[in-house]
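Peer 1: I'll drop the sequence and a predicted model, then ask my questions.
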Amino acid sequence: MNECDVVVLPEGVILKAARGAILADVLRNSELPIRLDCRLRGVCGKCLVEIIRGDAAEPDETERFLIRNRQADGRFRLACRCRIQGPLTVRIPRESLLLSIPALTEGFRREFILDPPLRKFAAAPAAATLEEPEAVLDLIVSRFGDKKTLISPAALARLAASGSSAERTITVVMHGNEILDIEPGDTTERILGLAVDLGTTTVVAEVVDLLMGRSLAVATALNGQARFGSDVVSRISAAHLNAAALGELRDAARETINLLIGELLARIGALRSDIYEAVIAGNTAMTHLLLGLPVATLAVAPFQSLFSALPALPADRTGIRINPAGRVYLAPNIKSFVGGDISAGLTAIDIENGPHSLLFIDLGTNGELVLKHGGILLTTSTAAGPAFEGMSLSCGMIAAPGAVHRADFVDELALGTIDGGPAVGVCGSGLIDLLAIALDQGWMTAAGSISNPAKVIVISPAIALLQKDIREIQLAAAAIKTGIKRLLAEAGLSPADLDKIVVAGAFGNTLNFRNAACLGLIPSVAENKIDFVGNSSLAGARILLLSAAERDRCEALVRRIRHVSLAQGPAFEDAFVESLEFKPWK
């Protein structure tokens, strides 16, 4: 027989697999949540599984090295390198699973005028007479709109079903100058919206009361696209090379958001039909994939997006399960890989009315930078990859329970984990602390070379930093440093000229400023010039949901921002090489 059974523990799931198939492909196709951080390239060692019984091809030397590095014995294999030869029973350890994680839900909050594009009006239509038999719609428009008011055939049908009696109250649901729906009775007290931060790693959704502008509930989940790789480049590559993968990536993003919507509505006792608008902030690749759009223009130079600002889209055409008559608005992309998560973040901090010279840094799965100097706005994106979130490191992990997120050294190394439990890996902020300690203690040189002959820094019995891990973060940090230098040079500024540095994202929220400055990740400025603003993407999405004026301002702001290409900058290679050294800024 060409097929055999694969039993997966502890779930007890029985899968059918072709002999010769790669175990990771079988698990991924069955949507089992196994970590595939390097997208089946066999270099991260995160997909470790235990072979309980059965037949699998022998591991090669590379796999043996990765298994030893994970401190596992001969019973273990990497799912991405394990070829099935016959019936197999495997156990997936907890550390090899994509688990629910506590994402950053709080962000910078500021005052703005509450004026959502979505509104509700309750009234009884004026009665027509034989002398003046005005159309029902005209009578409504005369109260709530103008001659340019739009209405769909479906809303017209609901208007007809509501009757035309002057005694009968109806509620008109309007978005801008368009009537989206007619609801029987007075429902003006129930008007909900949805704000979404569509991150590469995590998705955060928030239900908002549009009448009062207050948050009702927030929920988080891992982005279902993670099985295609932990970084944007992997997902763009998958979608570009395989039309079926593009559809799967689209469906995974939509399903993640829809599951969060269901969870939120169950929590507050509301219906999907109560949500008439969603605002989604995501990077350029995420919004393209959400809409199922080809990413060919993002895959090759000059890395163009298909769109910047779009009008609010009909919800029933986006796959987002809110009221089918509702609208979905995407925070506008800026240019290239600088997307709607950044435009939302700039809205959240009100960059236009901020300090004269301001540097905005978002250190998530991608690295995006925006520099404001007077009326000039410059932006660039860096190829930082997922290192800052720990995803591409041998001992790295996302900011989940068991992740080392801070470290100190007095007489000995002291580790702090997210849940206070045993350390099982290191996330980005913990890695910065550990590298600063390693530099201070002489465990590594400023050039990033581990000092001991074994080229290993032992952090705990279960965690060690390898030379390749140091190089990974070194390249990511150098990319950020080079981007900052390029923007400052373009504006004719030095770090000392900056009035404020704003650091956004989950990584930045737990970042130790002194350690980051010691390594040169961020400029050495007075600590009171640094602001950590948390999840600015979600905060900005919330503002765009609640204010039509802020939405217009955001779209106008995006048009003013000039993109600076790092690759075409003068002496880019020299600047990058110089930035590789771990040392404070001059």
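Peer 2: Done, it's in. Everything numeric here is computed off the predicted structure, so don't read it as measured data. Numbers count the residues shown, from 1 in each chain.

Peer 1: look up the closest residue to Ala438, ignoring the ones flanking it.
Peer 2: Met444 (4.5 Å; CB to CB, 6 or more residues apart in numbering). Where you see a C-beta, it was placed from the backbone N, CA and C, and this is true even at glycine.

Peer 1: same question, Gly364
Peer 2: Gly505 (4.4 Å).

Peer 1: surely Arg119 meets Gly176?
Peer 2: No - contact criterion CB atoms under 8 Å: Arg119 and Gly176 do not qualify, at 9.1 Å.

Peer 1: the two: who's more crowded?
Peer 2: Taking neighbours as other CB atoms under 10 Å, Arg119 and Gly176 compare with Arg119 leading, 18 against 15.

Peer 1: who touches that one in this structure?
Peer 2: Contacts here follow CB atoms under 8 Å, 6 or more residues apart in numbering; on that basis Arg119 touches Val173, Met174, His175, Ile191.

Peer 1: and it, what element?
Peer 2: Element membership of Arg119 [criterion: DSSP states H and E] is strand 118-123.

Peer 1: could you tell me how many residues sit around Glu95?
Peer 2: So Glu95, with other CB under 10 Å, has 16 neighbours.

Peer 1: list the contacts of the nearest residue to it once chain neighbours are set aside.
Peer 2: Leaving out its chain neighbours, the residue that sits closest to Glu95 by CB to CB, 6+ apart is Val424, at 5.6 Å. Applying CB under 8 Å, 6+ apart, one finds that Val424 lies in contact with Glu95, Met397, Gly402, Ala403, Ala462, Ile463.

Peer 1: need the contact list for the residue nearest to Gly364.
Peer 2: Here Gly505 is in contact with Leu104, Asp362, Leu363, Gly364, Gly534, Asn535, Ser536 (CB under 8 Å, 6+ apart).

Peer 1: mind checking what secondary structure Ser215 has?
Peer 2: strand (DSSP: H, G, I helix; E, B strand; the rest coil).

Peer 1: ok, back up a step: so the residue nearest to Ala438 versus Thr202, what's the distance?
Peer 2: Here the criterion is CB to CB, to the nearest Å. By it, Met444 lies 30 Å from Thr202.

Peer 1: can you pull the contacts of the residue nearest to Ala438?
Peer 2: Leu435, Ala438, Ile450, Ser451, Ile457, Ile470, Phe582.

Peer 1: which among those count as buried?
Peer 2: Leu435, Ala438, Ile450, Ile457, Ile470, Phe582 (16 or more other CB atoms under 10 Å).

Peer 1: report the two of the residues you listed separated the most.
Peer 2: Greatest spatial distance in the buried ones among the contacts of Met444: Ile457 and Phe582, 13.7 Å, computed using CB to CB.

Peer 1: and Pro461, how many neighbours?
Peer 2: Neighbours around Pro461, by other CB under 10 Å: 9.

Peer 1: care to break this structure down by domain?
Peer 2: 3-96, 118-184, 192-330 (automatic domain parsing).

Peer 1: by mean pLDDT, show me the worst of the ones you listed.
Peer 2: Mean pLDDT is lowest for domain 118-184 out of those, coming in at a mean of 76.

Peer 1: ends of it, how far apart?
Peer 2: 18 Å (CA to CA, to the nearest Å).

Peer 1: same check, this time on stretch 441-459
Peer 2: End-to-end for stretch 441-459, by CA to CA: 13 Å.

Peer 1: how about the domains of the chain in CSV, adding distance to Pro495?
Peer 2: As requested, the domains of the chain are exported to CSV (distance: least, CB to CB, whole Å):
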stretch, distance to Pro495
domain 3-96, 33
domain 118-184, 43
domain 192-330, 26
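
Peer 1: wait, which of the ones you listed is closest to Ala549?
Peer 2: The nearest among the domains of the chain, by CB to CB, is domain 118-184 at 12.5 Å.

Peer 1: from the middle of its chain, how far away would the closest one be?
Peer 2: 40 Å (CA atoms, centre = their mean, to the nearest Å).

Peer 1: just stretch 169-187 next, same as before
Peer 2: The answer for stretch 169-187 is 33 Å, by CA atoms, centre = their mean.

Peer 1: list the buried residues in it.
Peer 2: 169-175, 178-183, 187.

Peer 1: got it, and stretch 242-257?
Peer 2: Ala245, Leu246, Glu248, Leu249, Arg250, Ala252, Ala253, Arg254, Thr256, Ile257.

Peer 1: just checking, Ser394 touches Gly45?
Peer 2: Yes - Ser394 lies in contact with Gly45 (CB under 8 Å); the separation is 5.9 Å.

Peer 1: and for those two, which residues touch both?
Peer 2: Joint contacts of Ser394 and Gly45 (CB under 8 Å, 6+ apart) are Leu66, Asn69, Arg70.

Peer 1: go through those and flag which are in helices.
Peer 2: Within these, residues falling in helices by DSSP state H are Leu66, Asn69.

Peer 1: make a ChimeraX selection of the buried ones in the shared contacts of Ser394 and Gly45.
Peer 2: Under the burial definition 16+ other CB under 10 Å, those of the shared contacts of Ser394 and Gly45 that qualify are selected in ChimeraX by:
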select :66,70
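
Peer 1: in a markdown table: the shared contacts of Ser394 and Gly45, plus distance to Ala541.
Peer 2: Below are the shared contacts of Ser394 and Gly45 laid out as a markdown table (distance: CB to CB, whole Å):
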| residue | distance to Ala541 |
| --- | --- |
| Leu66 | 39 |
| Asn69 | 40 |
| Arg70 | 38 |
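
Peer 1: which residues in the stretch 1-150 of the chain form helices?
Peer 2: Ranges of helices in the stretch 1-150 of the chain, per DSSP state H, counting those that start in this stretch, are 23-29, 61-69, 136-144.

Peer 1: and of these, who's closest to Gly420?
Peer 2: The nearest among those, by CB to CB, is helix 61-69 at 26.4 Å.

Peer 1: could you pull out the buried residues of the closest one?
Peer 2: Glu63, Leu66, Ile67.

Peer 1: for the second one, list the residues it contacts.
Peer 2: Looking back up the chat, that one is Leu66. Per CB under 8 Å, 6+ apart, neighbours of Leu66: Gly42, Val43, Gly45, Leu78, Ser394.
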